[in-house]
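J.: structure of the sequence below:
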Amino acid sequence: MRKFGYAAALLAAAFTASPAAAADSGPTLTSVTDRGKVICGANGGRPGFSGLDSKGRWQGIDVEVCRAIAAATLGDATKTELVKVTSQTRFTALQTSEVDVLTANVTWTFSRDNNLGLDFVTPIFYDGQAFMVSKELGVEKVDDLDGATICIEPGSTSEKIVADIFRARGMSYNPVVIEDRKELNSAFFGGRCDAHVQSTSGLSSGRATMASNPDDYIILPQIFGKDPMGPVVRQGDAQWRDIVNWVVFALIAAEEYGITSQNVDEMKSSDNADIARLLGTQDNLGKQLSLNADWAYQIIKQVGNYGEVYERTVGLNSPLKLERGLNRQWTDGGLLYAPPFN
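T.: The predicted structure is shown next:
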């Protein structure tokens with residue numbers, strides 16, 4: 001009994017000490033706090049995800065994730081700086097600490113996760129690759145594209161998907177490779193390519209915002225591959241990875257619990273333990289991330305929950321008019337699922 005009591009005491013002491021140990025800020029959080037802003041790498045040319053509006057302001061679901069990180073770490077969602085990156089420069093920008101996090105609709109793949117010294121966190125958007133063509137082309141499926149000229153972004157998931165699809169079918173294609181996303185879309189809608197390959201969300205974004213008549217173009221029904229897209233951070237800073245990861249989980253959990261930017265103050269008085277822990281009125285989970293107790297409250301109050309963010313950026317009330325699809329909550333048949341906040 002004495003041995004058991006002694007071991008239990010040591011275990012209790014270790015458990016009690018762990019939040020204090022976790023309270024020390026890591027290198028990225030320290031940099032963010034010292035400079036007073038979060039620097040995010042964003043595509044910048046993908047309306048609905050990240051781009052400049054008519055007033056020169058950054059908008060899109062990836063931009064909202066950056067704002068959510070700032071709300072959690074600095075208490076102010078406006079304390080962000082967006083740096084435009086391309087498919088060729090985005091990983092270097094993160095590796096060299098030019099940015100704190102990539103919020104650039106980057107697809108999580110095995111090779112990227114294991115060869116670049118980077119960590120992918122919880123996806124913020126689930127998608128797949130597809131082809132878009134003009135209705136005038138008379139194409140109904142990918143198998144009809146043998147010998148076609150295809151607009152492709154270099155260094156992208158699309159580039160690999162196209163090669164795999166055409167090789168497997170014994171088909172040929174002529175690539176038109178353009179790094180800048182806006183120029184790539186312009187080339188396709190200008191008639192330079194027979195087909196355009198990208199994630200379905202990317203194709204929808206381009207069609208809605210750059211086609212002179214969006215109804216003239218169709219996205220072929222076949223979907224290829226998996227595109228789990230979300231924030232990316234550098235390896236070697238576990239605390240920052242945890243912070244970004246749980247920021248995404250907070251957005252997802254808030255929607256699941258029915259907490260919105262409009263009712264979050266009222267929900268702070270909820271007797272639901274999960275909600276109380278999320279909003280920081282019970283247990284102070286923020287301490288374990290070196291954040292304030294109300295870190296998640298600030299995200300929801302200033303940015304909203306996942307559903308709010310989705311609808312105003314890419315959802316049915318936006319120019320993209322994307323259905324939720326795979327991006328529904330797990331309780332509604334989708335893939336969004338947040339671990340418990342306890």
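J.: run the chain-centre distance for stretch 128-147.
T.: Centre-to-centre, stretch 128-147 and its host chain are 28 Å apart (C-alpha atoms, centre = their mean, to the nearest Å).
J.: residues of it that come out buried?
T.: Of the residues in stretch 128-147, those with enough neighbours to count as buried (16 or more other C-beta atoms under 10 Å) are 128, 129, 130, 131, 132, 133, 134, 139, 142, 144, 145. (Glycine included, C-beta is placed from N, CA and C.)
J.: what's the helix or strand for the second one?
T.: Per DSSP states H and E: residue 129 is located in strand 125-134.
J.: strand partners (parallel or antiparallel) of that strand?
T.: Partners of strand 125-134 in the sheet, by DSSP bridges, are strand 195-199 (antiparallel), strand 217-219 (antiparallel), strand 224-234 (antiparallel).
J.: let's have those in TSV, adding mean neighbour count.
T.: What follows is the strands paired with strand 125-134, written out as TSV (neighbours: other C-beta atoms under 10 Å):
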stretch	mean neighbour count
strand 195-199	27
strand 217-219	17
strand 224-234	21
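J.: now render those as TSV, adding distance to residue 62.
T.: Rendered in TSV, the data for these read as follows (distance: least, C-beta to C-beta, whole Å):
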stretch	distance to residue 62
strand 195-199	13
strand 217-219	21
strand 224-234	8
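J.: quick check, residue 300 in a helix?
T.: Yes: the assignment for residue 300 (DSSP: H, G, I helix; E, B strand; the rest coil) places it in a helix.
J.: against residue 132, how distant is the closest residue to residue 147 other than its chain neighbours?
T.: Of all residues beyond its chain neighbours, the one nearest residue 147 is residue 172 (5.6 Å), with distances taken as C-beta to C-beta, 6 or more residues apart in numbering. Summarising the geometry, the distance separating residue 172 from residue 132, computed by C-beta to C-beta, to the nearest Å, is 20 Å.
J.: swap in residue 116?
T.: If you measure residue 116 against residue 132 using C-beta to C-beta, the figure is 29 Å.
J.: ok, now residue 265?
T.: Distance from residue 265 to residue 132, counting by C-beta to C-beta: 44 Å.
J.: cool, and residue 239?
T.: According to C-beta to C-beta, residue 239 stands 41 Å off from residue 132.
J.: mind exporting the C-alpha coordinates of stretch 73-88 to CSV?
T.: Taking Å, rounded to 0.1, in the frame of the first residue of the first chain, the C-alpha atoms of stretch 73-88 are listed here in CSV:
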residue,chain,number,x,y,z
THR,A,73,-3.3,33.9,-29.8
LEU,A,74,-3.5,37.7,-29.7
GLY,A,75,-7.2,38.3,-28.8
ASP,A,76,-7.7,40.3,-32.0
ALA,A,77,-8.7,38.7,-35.3
THR,A,78,-7.5,41.8,-37.2
LYS,A,79,-3.9,41.3,-36.2
THR,A,80,-2.9,39.4,-39.3
GLU,A,81,-0.6,39.9,-42.3
LEU,A,82,-1.3,37.9,-45.4
VAL,A,83,1.6,37.1,-47.7
LYS,A,84,0.8,35.9,-51.2
VAL,A,85,2.5,32.6,-52.1
THR,A,86,2.3,30.3,-55.1
SER,A,87,2.4,26.5,-55.5
GLN,A,88,6.1,26.9,-56.1
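J.: buried stuff in that stretch?
T.: Per 16+ other C-beta under 10 Å, stretch 73-88 contains these buried residues: 73, 74, 77, 79, 80, 82, 83, 84, 85, 86, 87.
J.: how about stretch 236-244?
T.: By neighbour count on 16+ other C-beta under 10 Å, the buried set for stretch 236-244 is 237, 239, 240, 241, 242, 243, 244.
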